[in-house]
Structures are given as structure tokens and as C-alpha cells.
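Engineer: Got a predicted model here, sequence first, then my questions.
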Amino acid sequence: MVPTVPLPRRPPDASRPVGPDDPVRHWYENELRWPTVPGTPVELLTGLRFDVLEAPAEAGYAALRRLGPGSPVAVRADRMRMFVAAGSAEELPGLLDWLEWGSLALDLRATGAGGRVEAPLPPGPGQVVEGGRGAAGPKGDRGVRGVRVTDSQGAAVWLRPPEPGCEVESSLPTLSALGGGGGGAPDLVRLVETLATECHRVRLRRCAQPLAFS
């Protein structure tokens, strides 16, 4: 009888080690099973397991109530990245038109098939979480729980990290959830509607700022 040897979780690639020398890539590929892009810094491929919506952090904090507790969310400086179901980036333009936001210049971007985003640092000692009800978020914005996440190096960090060993896709906002379907997943339509509204409010506040000094 020929002994069988379990296949590795990912074919070895000598150009980018996955092990103690590359703990960030190891966490994503071996713990979450998320594909990464060769090179430094570590980047995640979008359009396979998830797409990413990016908006000003001020708008993002106000939209967190539209996400389930298991939906991954990351922040970097004054930007928030919300992980949504694969294919959502392709749906975004038509969805904004349907919601009658398509004619406005909103600071709302989506990265989907063929794209990549910076991999947030895995949760650990380098991440500082400041929070508590009433605490201010970036630039004084007050979020649902008033949580702010920062990192000493200015890298992207997780506000709501994905949980290794869990099927992250089941917690991602999806169009199929409209009307209560989708197995309890958050509703992408309501998330986009809230993000668009908050992005517009952020834009109006920024446009009005010079008037305060006139």
C-alpha cells in the first residue's frame, strides 16, 4: 500500500515564503484561506472571496449599523474599508443609479474582480483600539460605538477583524439579502444607501467649511 501525504494548503512559492518569516501572509493564507499577491507589502486579491467598499471614515462609522457583527471592516488613516460579497463592485454603479445617487460625485469606491487592497495588519499588540460609548472617531466623528483604531506605522488595521476558522462569506453584505433573504446576511442595498447618504453629508460639510471663516 502506497502511503498518502496530505497536500499543502497552498503550493510552495520560493519567491515569497509563507511561515515564521512572513507572519502577515501566513495569517491570511493559512488561517483565513484568503489569496494574497506576491510582493511587499502584503496585498489581498479582491473579486474571489470578497469585494471592498471604501469611503471616508466619517461616513463609514455612521454606516456600521448596516453590518452584521461578523462583517470585516478595516480602517487606514481617514478611510474605511468594508468587505462585501464578491461581485458587489460590479453592481455598485447600477445600484447607485437605482437609489438616485448616480448623478452625484460621491467619495465611494469599490474594488472587485482583478483588484487588490492592502492587507490590514492582523489583530495583535501593534493595534491600538480606542473606544467606549461617546468616544470620538477620526476627526471627531462619532460612530455607532465611537470606536477608533490606529496604528503607530499608519498601516491599515482591522476595526472588525475576520475570524479564522469561520466562513467569512456568510457575514458579508449581499444583494440576495434584500427583503430578508440571504440567510440573515446584511443587506448590501441598505448599506450602500446609508454610505451614499453619509458620503454626501461629508461632502457638504467639507464644501461649507470655508464659509465659516468668511
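Structural biologist: Sure, I can see it.
Engineer: Show me where the protein has its strands.
Structural biologist: Listed in chain order, the strands of the chain (DSSP state E) span residues 36-37, 43-45, 51-56, 73-76, 79-84, 109-111, 116-118, 127-130, 148-151, 157-160.
Engineer: among these, which is nearest R203?
Structural biologist: If you check each of the strands of the chain against R203 by CB to CB, strand 51-56 wins as the nearest, at 8.8 Å. (C-beta placed from N, C-alpha, C; glycine too.)
Engineer: what's that closest one packed up against?
Structural biologist: strand 79-84, helix 88-98, strand 109-111, helix 188-208 (3 or more CB pairs under 8 Å, 6 or more residues apart in numbering; DSSP states H and E).
Engineer: Make CSV from those and add distance to T40 to it.
Structural biologist: Compiled in CSV, the helices and strands packed on strand 51-56 are given as follows (distance: least, CB to CB, whole Å):
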stretch, distance to T40
strand 79-84, 20
helix 88-98, 25
strand 109-111, 19
helix 188-208, 31
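Engineer: Worst mean pLDDT among the ones you listed?
Structural biologist: Of all these, the segment with the smallest mean pLDDT is helix 188-208, scoring a mean of 91.
Engineer: P35 is in contact with T46, isn't it?
Structural biologist: No: the pair formed by P35 and T46 falls short of the contact definition of CB atoms under 8 Å, at 9.8 Å.
Engineer: Which one's more surrounded, those two?
Structural biologist: The residue with more neighbours, out of P35 and T46 and counting by other CB atoms under 10 Å, is T46; that gives 23 against 14.
Engineer: Distance to A63 and mean neighbour count added to the strands of the chain, as JSON lines?
Structural biologist: Written out in JSON lines, the entries for these read as follows (distance: least, CB to CB, whole Å; neighbours: other CB atoms under 10 Å):
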{"stretch": "strand 36-37", "distance to A63": "27", "mean neighbour count": "18"}
{"stretch": "strand 43-45", "distance to A63": "21", "mean neighbour count": "19"}
{"stretch": "strand 51-56", "distance to A63": "8", "mean neighbour count": "24"}
{"stretch": "strand 73-76", "distance to A63": "10", "mean neighbour count": "22"}
{"stretch": "strand 79-84", "distance to A63": "8", "mean neighbour count": "25"}
{"stretch": "strand 109-111", "distance to A63": "14", "mean neighbour count": "18"}
{"stretch": "strand 116-118", "distance to A63": "18", "mean neighbour count": "17"}
{"stretch": "strand 127-130", "distance to A63": "19", "mean neighbour count": "13"}
{"stretch": "strand 148-151", "distance to A63": "16", "mean neighbour count": "18"}
{"stretch": "strand 157-160", "distance to A63": "12", "mean neighbour count": "22"}
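Engineer: Thanks a lot, see you next time.
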